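# Okay, predicted coordinates and the sequence, questions at the end:
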Amino acid sequence: MSRRGIPGVGRPIRAYWRHRLGWVAAGVLAMAAQASAQHEVPMTPSDLVLEAQSISVARLLSAQSRWNAKRTLIVTDYRFRIEQTLLDGGIGGFEFVVTQGGGTIGNEGQDMTSNPRLRVGERYVVFLDPDRGEVFPPFVGGSQGIYRVDTNGVAIALSGNDRLMLSDLVSEVQSLLALRGNDPPLRVHRADPQSLRPMPSKTYSPAGAGGTVAGSRKPTAEDAPDIETPIPGEPLSPEANDAAEPSQDHVSTPDAPAWHVARLSNRPIVWDQWPEDWWVGHVDQAMMIKWNRIVDDLNLVSNSQLDTWAWQNDRFEMVGWPTNQMMIDQFGEGWGASTLAVAWRRWSGSVILEVDIAFNPAYCWTLDEFVSATQAGSCWGVRQTALHELGHGWGLDHPWEFYSVWVDSVMNYAPKQFRLPMLHADDTAAARTSFPGTASTNLDGLVSMYRTADDSASMQASYTGAFSSSTSITHGSSLALGGFNIENPGRTTFSNPKVEIYLAHAWRDWSEPYIYLRTATFGTTLAPVATIVHTPGGTTIPSTVPVGRYYPALYLRLTGDEDTENNSAFSSPNVQLTVNNVPATLAPIEAWRTWSLGRVGPSGIWRLNLPVVAGRTYELSLCNALGGGTASFDTLMSVVGVISNDDYCGLQSRIQFTSASTTMRTVEVRGYNNTAQGTFTLAYRQVVTDRIFKHGFEAD
Ligand SMILES: [Zn+2]
């Protein structure tokens, strides 16, 4: 289906939509591959149709703020006049009123970062959530379930995730509704409050916490030892004689920063941090430190850290994972069904007075970045989410709510596999500009293993991996990486960035083995805030690279870089390069011969061709005592389709077999498991057991 009037739309989301309906019909539901959202579980457009109570094109007539019944939260009633009913759902054909948290009464303003901003007088396409209350967004999937229609007839999802012509959206909704028939709303993307897993939270106590903070200190980052480290370290500097191949392909730097700030918290912000004996203890402080590298003492933590929390107590609180009951006690309503995390903000004039940050315990949360960056995984990253919400904490908004952005940002809704706990150039520019004259990282470069670009089908940037899908390559072939972002999040211009290209055994971890391939040097200059997409030329995989599976990785080597945590970039967790050898062909004779040198890396398979003749017997050995074979590791050897052996002499292998046919066989040598790696020399021979038969056979 076309998107008339929107040039350059390439995302096959419409086709996906129809595809997904097929899944629904088959009773199989899965998460969308590319959908993304920070505050809500991602949904596809078809999810919106299938899970909505009512769908209409409607104009927002008024927005009236009031206190909720418990007088604990400002909420706003939004009155819509229906222009076109797509699905009535009992709403009626004229007007409806929905409510969500946030609003302004007198000098006091409040917002919830999960909730979309609505403007009186605008037209919207509204997918009403059947379980809506008056705290979280009343739309399916939060901001994903409401599209603003601009004066050109373009409908833009307030999540920033989707943009298309209204007429196309309406006709697609209608065709999906025809398929849905009279079915009630599906309740798929709904956390079950009964299944809440035990996540830590402060206790809700409106009386227990309040007033001034008794002392503060700088945050400290001490990850518990069993936590996956988010800091990859750095590879050893390669030898100077490695040739650098110039290559460049640069895209423009942004005309202007994309960030948006409406009001600020006073610096320093003193947070009631997570108690340090929680399993996530110190992780919030580690994320505060990332912001503090840009703005000195932007975030401090309290010396009087409290075990209780409440909204409207004038404190900045890292609440943790409050239970549904705590939410009801505080706000009169439980968690939004698909809400992942939220920051409540309260201000007077242009000064933010209070921020509370909470995560929904109904979802899976992890400190293992490998898990959270796994695209198909259902767990969410604690660090990146905390870093995002702490951005809201000092006043940063979502840039894509205000501009169509193409640069990267911790405030973007990046696809899961590109969501790392890292501040980008746009974020640091926002903080530096908002809090001028404070200490800040001076020289800093950042590299990603993906590129961002403008996406005319959304307000968000598109994300494309530089090495985007698992593939295989043979020795001597050229590895083609796509473009990747280099950013300047610092305050000092740098030029001619050098990016080292590696194959790494472990994901985001230079303490495990890695192989240096080459350095790509780009003839560009990056001023502060700049993001440039660089595309390197091909990189030949030499035959000395052990066969196996690797993460292609980059390291931006920048002399004097003050923050090297963002100088490493790896392919996504589920995307690896398999290196294969070019199989040599063995020529067995009656005497032992040896073939060397095989190199087996992680999960690698070294292959050799073995021509065999029917009726003849062959022997292959990695055992020293048998023909002079060797192997430095625990081997498995097989003749594919015929025979295999694990341990014959110690941990090494040996095979003898009589061939049933005359053909070319493949010999495979691999490690017993993916950590069994090393080099080998194969000894092989043809075993003569029956001279008479052999002569007779040859006489044929
Ligand atoms: Zn946000």
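Yep, that arrived. Numbering: from 1, shown residues only.
# got the residues of the stretch 1-150 of the chain near the ion?
Within the stretch 1-150 of the chain, the positions adjacent to the ion are 38, 113 by Cβ under 5 Å from the ion. In short, each C-beta sits where N, CA and C put it, glycine included.
# Assign R383 to helix, strand or coil.
Following DSSP: H, G, I helix; E, B strand; the rest coil, R383 is assigned to helix.
# now the one 4 residues further on
Applying three-state DSSP to L387 yields a three-state assignment of helix.
# and it, how many neighbours?
Residues lying near L387 (other Cβ atoms under 10 Å) number 25.
# give the contact list for it.
Under the criterion of Cβ atoms under 8 Å, 6 or more residues apart in numbering, the contact list for L387 reads 287, 290-291, 410, 421-423.
# list the buried ones in stretch 102-109?
102-103, 109 (16 or more other Cβ atoms under 10 Å).
# Output that stretch as PDB - backbone C-alpha positions only.
Extracted C-alpha coordinates of stretch 102-109, given in PDB (Å, rounded to 0.1, in the frame of the first residue of the first chain):
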ATOM      1  CA  GLY A 102      -0.500  15.700  33.900                       C
ATOM      2  CA  GLY A 103      -1.700  19.200  33.500                       C
ATOM      3  CA  THR A 104      -1.500  22.700  35.000                       C
ATOM      4  CA  ILE A 105      -3.500  24.300  37.800                       C
ATOM      5  CA  GLY A 106      -2.500  27.800  38.700                       C
ATOM      6  CA  ASN A 107       1.300  27.900  38.900                       C
ATOM      7  CA  GLU A 108       1.700  24.200  39.400                       C
ATOM      8  CA  GLY A 109       2.400  21.900  36.400                       C
END
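# Quick one: neighbours of whichever residue of the chain sits closest to the ion, just the number.
For the chain, the residue positioned closest to the ion under Cβ to the ion is T113, at a distance of 4.3 Å. Counted with other Cβ under 10 Å, the neighbours of T113 add up to 23.
# Can you report phi and psi for E234?
Dihedral pair for E234: phi -150, psi 150, per degrees, to the nearest 10.
# pLDDT below threshold where in this protein?
Within the chain, the stretches with pLDDT under 70 are 1-37, 191-197, 207-213, 223-230, 239-257, 689-700.
# care to break it down by domain?
Recorded structural domains for the chain (assignment: automatic domain parsing) are 13-190, 203-209+251-439, 461-580, 584-699.
# where do the helices sit along the stretch 251-400 of the chain?
Ranges of helices within the stretch 251-400 of the chain are 283-292, 324-331, 369-372, 382-394, based on DSSP state H, counting those that start in this stretch.
# For the stretch 251-400 of the chain, which residues are neighbours of the ion?
Residues of the stretch 251-400 of the chain lying near the ion (Cβ under 5 Å from the ion): none found.
# SS state for L50?
Three-state call for L50 (three-state DSSP): helix.
# Distance from the helix ranked longest in the chain to the middle of the chain?
What stands out as the longest helix in the chain, according to DSSP state H, is helix 166-180. Relative to the centre of its chain, helix 166-180 is centred 31 Å away, using Cα atoms, centre = their mean, to the nearest Å.
# and the helix or strand where N609 lies, which strands flank it?
Element membership for N609 (DSSP states H and E) is strand 605-612. Note on strand 605-612: by DSSP bridges, its sheet partners are strand 584-585 (parallel), strand 663-671 (antiparallel).
# Would you mark the buried spots in that strand?
Residues 605-608, 610, 612 are the ones in strand 605-612 that count as buried (16+ other Cβ under 10 Å).
# same thing with stretch 446-462?
Quick answer for stretch 446-462 (16+ other Cβ under 10 Å): 446-452, 455-462.
# Any idea which of the strands paired with strand 605-612 gets closest to T428?
Shortest distance between T428 and the strands paired with strand 605-612, using Cβ to Cβ, is found for strand 663-671: 43.7 Å.
# which element follows the closest one toward the C-terminus?
Taking DSSP H and E, what comes next after strand 663-671 is strand 678-687.
# now for that next one, which elements pack on it?
For strand 678-687, the contact count by 3 or more Cβ pairs under 8 Å, 6 or more residues apart in numbering; DSSP states H and E identifies strand 593-600, strand 605-612, strand 617-621, strand 630-631, strand 663-671 as packing neighbours.
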